[in-house]
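In: I'll drop the sequence and a predicted model, then ask my questions.
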There are 2 protein chains.
Amino acid sequence: MARTTIHVCVTCKLADDPLEEQHGRAGARLHRAVAELAAERQAPVDIVAVECLSVCKRPVTVGFAAAGKWTYVYGDFPAEVSAETIVNGALLYADAPDGLIPWRQRPDMLKKGVISRSPPLAAPAASPSPLPEAAE
Amino acid sequence: MARTTIHVCVTCKLADDPLEEQHGRAGARLHRAVAELAAERQAPVDIVAVECLSVCKRPVTVGFAAAGKWTYVYGDFPAEVSAETIVNGALLYADAPDGLIPWRQRPDMLKKGVISRSPPLAAPAASPSPLPEAAE
């Protein structure tokens, strides 16, 4: 199955984050935490730092993507306590052939934090994913 | 260059849209309008109806995607007056090698309506797209 990528927005910042020092921002801190945890666990995922996922109002924003699967964007992750939820969530995503994590398996932060999803390219028109996948 | 896909969320609904009759919802109406306009203009884009882009709070939601480009999700499109903006926007997206429409060329609805973007798979870490791409 296609390898899973975790996107972490490294430009996401909280109100009191340094504007000039990008490495001190919440997004950069979360990126480091996720990369360290994934490496420690030897999780089969790629961690990609992204300069802006265009969400901004719900920091920190992250995403899951893999070839042939739905792409997800999530927000509202506090930098210091979210790495485990994100890495675990990415492993659930990796296990889902279409990227749709069964609702009951989703941690609350992946339910409440969903910002958008996009179907894989060349998906059939009106894909049959059920309405309960809707945000919030 | 990779062919552009326009995603239109056909389950997006306004408060007074019919719940049971999906074809009467704002999303379905916008999907028909976009498909008709694109066909009329013979625009080189594929129109894909999607059952839920997981935004829900900002109907109607649409997206642009193409292999190797950033994927965008936009919201707040009134069904009856947005087809032209969306088809024109998709043609600008099609012209952009990376999917990043130059800021000055973007119609207001693509500036204010941006919900998220995701980089193409296998994008380099910390892609160099500039911060002014940020939402709103």
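Out: Thanks, I have the structure now.

In: Identify, by residue count, the longest helix of chain A.
Out: The longest helix of chain A (DSSP state H) is helix A:26-41.

In: Quick check: buried residues in that one?
Out: Of the residues in helix A:26-41, A:Ala26, A:Gly27, A:Ala28, A:Arg29, A:Leu30, A:His31, A:Arg32, A:Ala33, A:Val34, A:Ala35, A:Leu37, A:Ala38 count as buried by neighbour count, 16 or more other C-beta atoms under 10 Å in any protein chain shown. Every residue, glycine included, has its C-beta placed from N, CA and C.

In: And stretch A:85-93, by the same measure?
Out: For stretch A:85-93, a neighbour-count test (16+ other C-beta under 10 Å) marks A:Thr85, A:Ile86, A:Val87, A:Asn88, A:Gly89, A:Ala90, A:Leu91, A:Leu92, A:Tyr93 as buried.

In: Please, which helix or strand holds the last one?
Out: If I follow you right, that is A:Tyr93. helix A:83-95 (DSSP states H and E).

In: tilt between that helix and helix A:26-41?
Out: Angle between the axes of helix A:83-95 and helix A:26-41 is 70 degrees (criterion: axes from the mean of the first three to the mean of the last three C-alpha atoms, to 10 degrees).

In: quick one: is helix A:83-95 near chain B?
Out: No - Helix A:83-95 does not reach chain B (C-beta under 8 Å from any C-beta of the partner chain); its nearest approach is 13.5 Å.

In: Quick one: residues in contact with that helix.
Out: A:1, A:3-4, A:6, A:8, A:30, A:33-34, A:36-38, A:41, A:43-45, A:62, A:64, A:66, A:69, A:72, A:77, A:99, A:101, A:105-107, A:109-110 (C-beta atoms under 8 Å, 6 or more residues apart in numbering or on different chains).

In: What's the mean pLDDT across whichever helix or strand comes after that helix?
Out: From helix A:83-95 onward toward the C-terminus, using DSSP H and E, the following helix or strand is helix A:108-112. Taken as a whole, helix A:108-112 has an average pLDDT of 96.

In: Can you mark which positions in helix A:108-112 are buried?
Out: Under 16+ other C-beta under 10 Å, the buried positions of helix A:108-112 are A:Met109, A:Leu110.

In: Could you do stretch A:11-18 as well?
Out: A:Thr11, A:Cys12, A:Lys13, A:Asp17.
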